[in-house]
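*Asks:* Sequence first, then the predicted structure, then my questions.
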Amino acid sequence: DLLQQKSLLSALNTDTAHLASALNSLGTVAQSKAVSASSSNSSALAILGVATTTPTAYTINSITTVATAASERSQTGFADSSATPVSAHGTLQLSVGSSNYRFTLNTNTLVGLRDKINGLGAGVTASILTTSDGNYLSVTSTATGSAAIALHDDPDGVNTSLLTATNPGSDAQFQLNGITVKQQGNTVNSVIPGVTFQLLDKSSSPMTITVASDRTKLSSALQNFVTAYNALRTDLKAQIGAGAGLLSGSPVVTRLEDTLRQVASYRTGSASVRSLTDLGISFDSGGNASFDSAASSRTRRDRKSTRLNSSHITISYAVF
């Protein structure tokens with residue numbers, strides 16, 4: 001019996017957590033006015049996040065370039081990455097953008113050079129490419145943006161360049177409402193208030209970022225709430241009445257029953273939406289909830305704003 005009670009309490013615990021989560025999500029959607037952002041060209045520009053409740057629209061006139069990371073390789077291959085010397089003098093200088101890093105090789109091999117560069121903290125990653133033509137050093141920036149990478153042997157003397165100079169990286173550049181914006185990364189979070197987006201590809205055609213209320217978000221949140229409410233209600237009913245289970249008379253069941261009654265009868269006189277009924281949620285004689293999306297739509301059309309303040313209802317439960 002004790003093991004069965006533990007199992008029943010665990011099920012109630014899970015269902016209560018789901019209802020609390022659904023109620024919290026409903027409050028979050030209402031607080032944000034169900035606002036979301038969309039891109040008219042998702043292959044070139046993706047929306048990452050929205051933190052605004054103001055509907056609006058912006059035009060990205062064009063995306064000239066997307067940000068890429070600088071990446072160069074050694075001009076020649078080396079027969080043995082652990083034995084073939086890579087430096088004629090042992091002193092080298094790595095340049096990343098405007099920053100220079102002078103160092104002396106402890107182990108004059110491709111492996112030694114790779115490990116030395118990786119230990120400089122220069123914002124690049126060195127690796128060894130093994131091909132049929134030999135072993136090559138590859139040096140790639142850890143961040144996107146224009147920053148030329150160079151590596152010179154004997155910088156005070158012969159100053160021999162060891163790397164190619166074919167891929168210095170690029171900054172992202174686009175036009176927003178006719179204003180040219182240039183930055184090192186493809187994630188843009190400081191240009192449009194409350195909207196974060198990512199540049200994915202170049203485009204010469206204008207595209208639109210639209211910030212607007214998405215009614216389906218509220219309908220989905222309401223339906224999820226009803227589903228979670230009914231699941232908990234069903235488990236509680238099984239512990240009440242003539243055919244009650246092993247939790248009959250448990251204070252846990254009593255407290256949760258009282259909480260569900262508070263949720264079902266919740267009303268406020270200070271908001272434009274005063275009850276769950278105003279959002280299209282109704283309760284039958286057995287206490288089960290149902291959601292009428294058509295009624296909810298009529299309510300939203302009749303009111304200028306829709307807000308359910310979930311902070312007035314607290315669902316608490318014990319973990320067993």
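*Replies:* Right, received. Where do you want to start?
*Asks:* what distance separates stretch 267-281 from the middle of the whole chain?
*Replies:* 32 Å (Cα atoms, centre = their mean, to the nearest Å).
*Asks:* Give me the buried stretch members for it, please.
*Replies:* 271, 273, 276-281 (16 or more other Cβ atoms under 10 Å). In this view, the C-beta of every residue, glycine as well, is placed from N, C-alpha and C.
*Asks:* what does stretch 14-24 give?
*Replies:* So for stretch 14-24, counting by 16+ other Cβ under 10 Å, buried means 15-16, 18-20, 22-23.
*Asks:* repeat for stretch 203-221
*Replies:* Neighbour count says stretch 203-221 has 203, 207, 209, 211, 213-214, 217-221 buried, by 16+ other Cβ under 10 Å.
*Asks:* List the ones among these that fall in strands.
*Replies:* 207, 209, 211, 213 (DSSP state E).
*Asks:* What are the phi and psi values at the closest residue to the last one other than its chain neighbours?
*Replies:* Nearest in space to residue 213, with sequence neighbours left out and distances taken as Cβ to Cβ, 6 or more residues apart in numbering, is residue 34 at 5.0 Å. Its backbone dihedrals place residue 34 at phi 60, psi 30, with angles given as degrees, to the nearest 10.
*Asks:* before we move on, back to that, among the buried residues of stretch 14-24, name the least confidently predicted one.
*Replies:* Lowest pLDDT among those: residue 23, with 90.
*Asks:* looking at it, that one is touching residue 225, isn't it?
*Replies:* Yes: the pair residue 23 / residue 225 is scored as a contact, 6.2 Å apart, by Cβ atoms under 8 Å.
*Asks:* pLDDT below threshold where in the stretch 201-320 of the chain?
*Replies:* By pLDDT under 70, the low-scoring segments of the stretch 201-320 of the chain are 295-320.
*Asks:* hmm, 80 instead?
*Replies:* Along the stretch 201-320 of the chain, segments meeting pLDDT under 80 span 242, 269-273, 294-320.
*Asks:* all strands in it, in order from the N-terminus.
*Replies:* Per DSSP state E, counting those that start in this stretch, the stretch 201-320 of the chain carries strands over the ranges 207-213, 281-283, 289-291.
*Asks:* show me what contacts residue 117?
*Replies:* Contacts of residue 117 were listed using Cβ atoms under 8 Å, 6 or more residues apart in numbering, and they are 94, 124, 126, 139, 151.
*Asks:* Look at it and give its secondary structure.
*Replies:* Classification of residue 117 using DSSP: H, G, I helix; E, B strand; the rest coil returns helix.
*Asks:* before we move on, what about the one 3 residues further on?
*Replies:* When classified by three-state DSSP, residue 120 comes out as coil.
*Asks:* Would you list the phi and psi of it?
*Replies:* phi -80, psi -20.
*Asks:* pLDDT wise, what is it at?
*Replies:* For residue 120, the model assigns a pLDDT of 97.
*Asks:* longest single strand anywhere in this structure?
*Replies:* Max-length strand for the chain by DSSP E is strand 56-65.
*Asks:* got the buried residues for that strand?
*Replies:* Within strand 56-65, judged by 16+ other Cβ under 10 Å, the buried ones are 58, 60-64.
*Asks:* need the next SSE after that strand, C-terminal direction.
*Replies:* strand 71-73 (DSSP states H and E).
*Asks:* which helices and strands does the helix or strand following that next one pack with?
*Replies:* Later in the chain than strand 71-73, the nearest helix or strand by DSSP H and E is strand 91-96. Using 3 or more Cβ pairs under 8 Å, 6 or more residues apart in numbering; DSSP states H and E, the elements in contact with strand 91-96 are strand 99-104, strand 149-153.
*Asks:* Leaving aside the residues adjacent along the chain, what's closest to residue 162?
*Replies:* Of all residues not flanking residue 162 in the chain, residue 151 sits nearest, at 4.6 Å (Cβ to Cβ, 6+ apart).
*Asks:* possible to save the helices and strands packed on strand 91-96 as a markdown table with mean neighbour count and mean pLDDT?
*Replies:* Formatted as a markdown table, those follow (neighbours: other Cβ atoms under 10 Å; pLDDT from 0 to 100):
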| stretch | mean neighbour count | mean pLDDT |
| --- | --- | --- |
| strand 99-104 | 14 | 97 |
| strand 149-153 | 22 | 98 |
